[in-house]
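# Generate a structure from the sequence data that follows.
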Amino acid sequence: MKILTYVLHGMWNTPDTDGVVVIGVSVDVEPLLRKLDEIADSKAKEYVEMCGYIQEERGERYYEAVNVSGKYAKFYITEHQMELPENTMGAISREMEKIDRTRDVGQYLDDMYEDGNIEPWKYEYMVRKPEVMQEILQLFIKTEDCNTPFNTTLDIVVGNVMKEITLDDKKLEYLWEEFGDVLIDDDECILDDFLGFERGTHREAVWHWFDERYSGGVAKLMFGGE
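So this is what the prediction gives:
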């Protein structure tokens, strides 16, 4: 059986040193892209020091830096087909089942929120409700395989879970309880972002959001209908 693998590797040549290195190999391109971002942000200082003016170029899967004397540092992500026997594939699948993807799923939801691809209330509910996260993880384990990119699997799994989540009184009651854990300053402004409201927003603005959506209004949430 063949699987698609990605390799992040680099090479450099300066007055002091030259070298070649394989930085990472993965069936998922995303971790290598994040590492490539780190390399670009630091101008590859983890691997080589380049002096003087540096001309940089960051592409989808590469980073290149060249100074005025023509010395360079170049990093690329390339694709490779790897053929593996079935017993090896089985071992890989069993190991993948042991991986705790909680942090990866959380980061995926964070990215969706930052990109505006998920409603703020739904984001807060999904990342805070343990049962929702557990459902995503269980579906991910059932769906994941070595031949499908990590983010493609997450797109499918998270998309399916999101479709089933609609705003109702029960979810509003849960979010209200979570709002109770958000710290408030002396001016009654929230100290953390919540439900799309930025830090520094007066808590009455958040109350108004609940009041518009909860069937009994915010008074019922606050005082149980009394």
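# for the chain, which residue is closest to the average position?
residue 107 (2.7 Å; Cα atoms, centre = their mean).
# Backbone dihedrals for that one, please?
Backbone torsions of residue 107, given as degrees, to the nearest 10, read phi -70, psi -40.
# State the distance from it to residue 32.
15 Å (Cβ to Cβ, to the nearest Å). The C-beta positions use only the backbone N, C-alpha and C, and glycine is treated the same way.
# And the strands in this structure?
All strands of the chain, identified by DSSP state E, fall at 2-13, 18-26, 54-58, 62-67, 72-83.
# Lowest average confidence across helices and strands of this structure, where is it?
Among the helices and strands of the chain, helix 86-98 carries the lowest confidence by mean pLDDT, DSSP states H and E, at a mean of 58.
# Show the average pLDDT along stretch 164-177.
Throughout stretch 164-177, pLDDT has a mean value of 94.
# Let's see it as CSV, backbone CA atoms only.
Below are the C-alpha coordinates for stretch 164-177, written out as CSV (Å, rounded to 0.1, in the frame of the first residue of the first chain):
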residue,chain,number,x,y,z
GLU,A,164,-26.2,19.1,14.6
ILE,A,165,-25.6,22.0,17.1
THR,A,166,-28.3,24.6,17.1
LEU,A,167,-28.9,27.4,19.7
ASP,A,168,-31.6,26.6,22.2
ASP,A,169,-32.4,27.3,25.8
LYS,A,170,-30.4,24.3,27.1
LYS,A,171,-27.2,25.6,25.3
LEU,A,172,-27.9,29.1,26.4
GLU,A,173,-28.1,27.9,30.0
TYR,A,174,-24.8,26.1,29.7
LEU,A,175,-23.2,29.2,28.2
TRP,A,176,-24.6,31.4,30.9
GLU,A,177,-23.0,29.1,33.5
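# That stretch: how far from the chain's middle?
Between the mean C-alpha point of stretch 164-177 and the mean C-alpha point of its chain there is a distance of 24 Å (Cα atoms, centre = their mean, to the nearest Å).
# ok, and for it, which residues are buried?
171, 172, 175, 176 (16 or more other Cβ atoms under 10 Å).
# who touches residue 29 in this structure?
Taking Cβ atoms under 8 Å, 6 or more residues apart in numbering, we find residue 29 in contact with 6, 61, 77, 149.
# now the closest residue in space to the last one that isn't next to it in sequence: how far from residue 5?
In this case it means residue 149. Excluding the flanking residues, the one nearest residue 149 by Cβ to Cβ, 6 or more residues apart in numbering is residue 28, at 6.0 Å. Applying Cβ to Cβ, the value for residue 28 to residue 5 is 9 Å.
# try residue 150
From residue 150 to residue 5 the distance is 13 Å (Cβ to Cβ).
# Find residues that contact each of those two.
Joint contacts of residue 150 and residue 5 (Cβ under 8 Å, 6+ apart) are residue 27.
# roughly how far apart are residue 74 and residue 18?
From residue 74 to residue 18 the distance is 12 Å (Cβ to Cβ).
# So the two - more neighbours on which side?
More neighbours surround residue 74 than the other of residue 74 and residue 18, with 16 against 13 (other Cβ atoms under 10 Å).
# how about the residue nearest to residue 149, what does it touch?
Residue 28 makes contacts with 6, 149, 150, 151, as judged by Cβ under 8 Å, 6+ apart.
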